[in-house]
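**Student:** quick one, what's the 3D model for this:
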Amino acid sequence: MELSHRDKAEAIQNSIETETLAETGLIHPTAYKQHNPHVATGLQAILGLHELMPMDKVYTNVVRKFQDGDIGFVHVDYYLFEPTVAFDIHRFEEGRSVEHWDNLQPNPQKRNKSGRTMTDGKTKAKDHHKTVSNKALVRRFVQEVLIEGNREGLSSYFKDDELIQHNPHMGDGVSEFFGVLEEWKTAGKPQTYHTIHKVLGEGNFVLVLSEGYLHGIHSAFYDLYRVEHDRIIEHWDVIEEIPPVEKRKNDNGKF
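**Tutor:** Numbering: from 1, shown residues only. This next block holds a predicted model:
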């Protein structure tokens, strides 16, 4: 039986630790499009990374794996050049990955105000019959609340103040989430969302890829939300600076 897209995405990322990417045959040898701006496009550029990484320390731990159509995406706890948390997304054609997006952030390796890490919490998707409606709910939240700044309808997205938060700079609670955003804004270092680029989901997990600014730095926001009973209940994120065009190693764009 052929692997699912979620299992293929997991196998690709696990092969970083085992140095077996070429052997998996899961990356198209000539048609692989890379969106990580720090890596040249194509299979050979990925294989060359092993020569740069401290392989005695490298590990991969895929914590969550999902799929949406021809895409498999995973939430990963890594040691690459340092402890790192990432989302990796692969688009597959005829069984092989032909396109890759990711977002990486150093893992502080300490718990946030509520005692949570960047990767702990629920891991398995359910309510697959609600995938479409959950994606629509989360897209509306990001567009109307985070981009447009309309917070009057928060009860449409959350149950009271309930929000399990994995951002390392915040604790649990809807009021805590928006309170920290207000503190950053008051300090002249806001987090602003400008554009949604992709919304991926499986069951009650939805991943949103957005572009904006964090503390004045052009950034990519990958936000993973877990939905229960038509309300957002849990949030993980990975934030990474988008380098200027002249410093990118490919011309494919971050998104």
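**Student:** list of residues touching the host helix or strand of residue 237?
**Tutor:** Take DSSP states H and E as the rule and residue 237 turns out to sit in strand 231-241. Around strand 231-241, the neighbours that count as contacts under C-beta atoms under 8 Å, 6 or more residues apart in numbering are 75, 85-87, 103-105, 118-119, 121-122, 137-138, 141, 157-159, 162-167, 177, 214, 217-227. Every residue, glycine included, has its C-beta placed from N, CA and C.
**Student:** for stretch 138-152, same thing?
**Tutor:** Residues outside stretch 138-152 that contact it (C-beta under 8 Å, 6+ apart): 153-154, 157, 178, 193-196, 199, 201, 206, 208, 210, 223, 225, 227, 232.
**Student:** which ones among those residues are found in helices?
**Tutor:** Among the contacts of stretch 138-152, the ones falling in helices (DSSP state H) are residue 178.
**Student:** which of the contacts of stretch 138-152 are buried? Put it as a ChimeraX command.
**Tutor:** One line in ChimeraX is enough to select the buried ones among those; burial here means 16 or more other C-beta atoms under 10 Å:
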select :154,157,193,196,199,201,206,208,210,223,225,227,232
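**Student:** now the helices for the stretch 1-150 of the chain?
**Tutor:** 5-18, 21-24, 43-47, 131-140 (DSSP state H, counting those that start in this stretch).
**Student:** tell me which other helices or strands the second one touches.
**Tutor:** Pointing back at helix 21-24 there. Under the contact criterion of 3 or more C-beta pairs under 8 Å, 6 or more residues apart in numbering; DSSP states H and E, helix 21-24 touches helix 5-18, helix 43-47.
**Student:** neighbours around residue 90, how many?
**Tutor:** Residue 90 has 27 neighbouring residues, counting by other C-beta atoms under 10 Å.
**Student:** beta partners for it?
**Tutor:** Note on residue 90: beta-bridge partners by DSSP bridges are residue 72, residue 100.
**Student:** most tightly packed of the helices and strands packed on helix 21-24?
**Tutor:** Each of the helices and strands packed on helix 21-24 was assessed for mean neighbour count using mean count of other C-beta atoms under 10 Å. The highest is helix 5-18, with a mean of 20.
**Student:** just how off-centre is it within its chain?
**Tutor:** Taking the mean of its C-alpha atoms, helix 5-18 sits 16 Å from the chain's own mean (C-alpha atoms, centre = their mean, to the nearest Å).
**Student:** show residues contacting that helix.
**Tutor:** By C-beta under 8 Å, 6+ apart, helix 5-18 touches 3, 21, 23-24, 26-27, 49-50, 58-60, 62, 65-67, 70-74, 76, 78, 80, 88-90, 92, 95, 97, 202.
**Student:** show me the protein divided up by domain.
**Tutor:** Taking automatic domain parsing as the criterion, the chain consists of the domains 5-111, 128-241.
**Student:** sorry, back to before: parallel or antiparallel, which strands does the strand holding residue 237 pair with?
**Tutor:** Next to strand 231-241 in the sheet, as set by DSSP bridges, lie strand 164-165 (parallel), strand 217-228 (antiparallel).
**Student:** which stretch among those comes nearest residue 128?
**Tutor:** When the strands paired with strand 231-241 are compared by C-beta to C-beta, strand 217-228 sits nearest residue 128, at 12.2 Å.
**Student:** buried set for the closest one?
**Tutor:** Buried residues in strand 217-228, counted by 16+ other C-beta under 10 Å: 219, 220, 221, 222, 223, 224, 225, 226, 227.
**Student:** same check, this time on stretch 149-161
**Tutor:** Of all the residues in stretch 149-161, those buried under the rule 16+ other C-beta under 10 Å are 154, 157, 158.
**Student:** pull up the distance across it, start to finish.
**Tutor:** Stretch 149-161 has its terminal residues 18 Å apart, counting by C-alpha to C-alpha, to the nearest Å.
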